[in-house]
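Novice: Below is the sequence, then the predicted model.
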Amino acid sequence: MFPRYERPRVVWVGVAPEPALELLQHRMEQEFAPLGFPTEARAFRPHITLGRAGTAASPRRFDQLESALADLSFDATAVIMTVDLMQSALQSGGAVYHVRHSERLS
């Protein structure tokens with residue numbers, strides 16, 4: 001959970017490090033930095049966001065989640081055909097996402 005278990009806001013699962021994915025993330029930062037997007041100070045941690053917790057969420061509502069996900073294993077390869085540049089706007093009803101640009105990969 002992010003930012004911390006005592007105050008959950010985002011529930012996520014980690015993805016095994018992959019050099020090609022890390023290279024893509026690094027190259028994206030380098031391309032966007034001249035456009036005014038700051039580079040990330042934290043280390044890159046590939047993950048999949050499962051959901052966001054509401055402001056009233058308490059840790060005891062998530063007690064069973066960590067143990068349920070602890071044994072989860074998914075070993076598969078995904079073929080990525082497009083990359084979408086997304087914009088998220090956090091609103092009172094939750095996040096709203098907009099595709100700002102979509103690029104088909106060769």
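Specialist: In hand now; what should we look at? Note that the coordinates shown come from a computational prediction; the quantities given were computed from them, not determined experimentally.
Novice: what helices or strands is the helix or strand bottoming out on mean pLDDT in the chain leaning on?
Specialist: Within the chain, no helix or strand scores below helix 63-70, which has a mean of 75 by mean pLDDT, DSSP states H and E. Secondary-structure packing of helix 63-70 (3 or more C-beta pairs under 8 Å, 6 or more residues apart in numbering; DSSP states H and E): no helix or strand packs against it. Every C-beta, even on glycine, is put in place using the N, C-alpha and C of the backbone.
Novice: Distance-wise, check A70 relative to Q64.
Specialist: Plainly put, A70 is 11 Å away from Q64 if you go by C-beta to C-beta, to the nearest Å.
Novice: Kindly apply the preceding question to A43 instead.
Specialist: 29 Å.
Novice: now F2
Specialist: 18 Å.
Novice: Next: T82.
Specialist: For T82, the distance to Q64 equals 36 Å [C-beta to C-beta].
Novice: Tell me if V10 really is in a strand.
Specialist: Yes. Applying DSSP: H, G, I helix; E, B strand; the rest coil, one finds V10 inside a strand.
Novice: In contact with it, which residues?
Specialist: Counting by C-beta atoms under 8 Å, 6 or more residues apart in numbering, V10 touches M1, F2, P3, T49, G51, R52, A53.
Novice: could I get these as a markdown table with pLDDT and secondary structure?
Specialist: What follows is the contacts of V10, written out as a markdown table (pLDDT from 0 to 100; DSSP: H, G, I helix; E, B strand; the rest coil):
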| residue | pLDDT | secondary structure |
| --- | --- | --- |
| M1 | 78 | coil |
| F2 | 80 | strand |
| P3 | 80 | strand |
| T49 | 85 | strand |
| G51 | 84 | strand |
| R52 | 80 | strand |
| A53 | 80 | coil |
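Novice: Just the buried ones among these, please.
Specialist: Buried by 16 or more other C-beta atoms under 10 Å: M1, A53, out of the contacts of V10.
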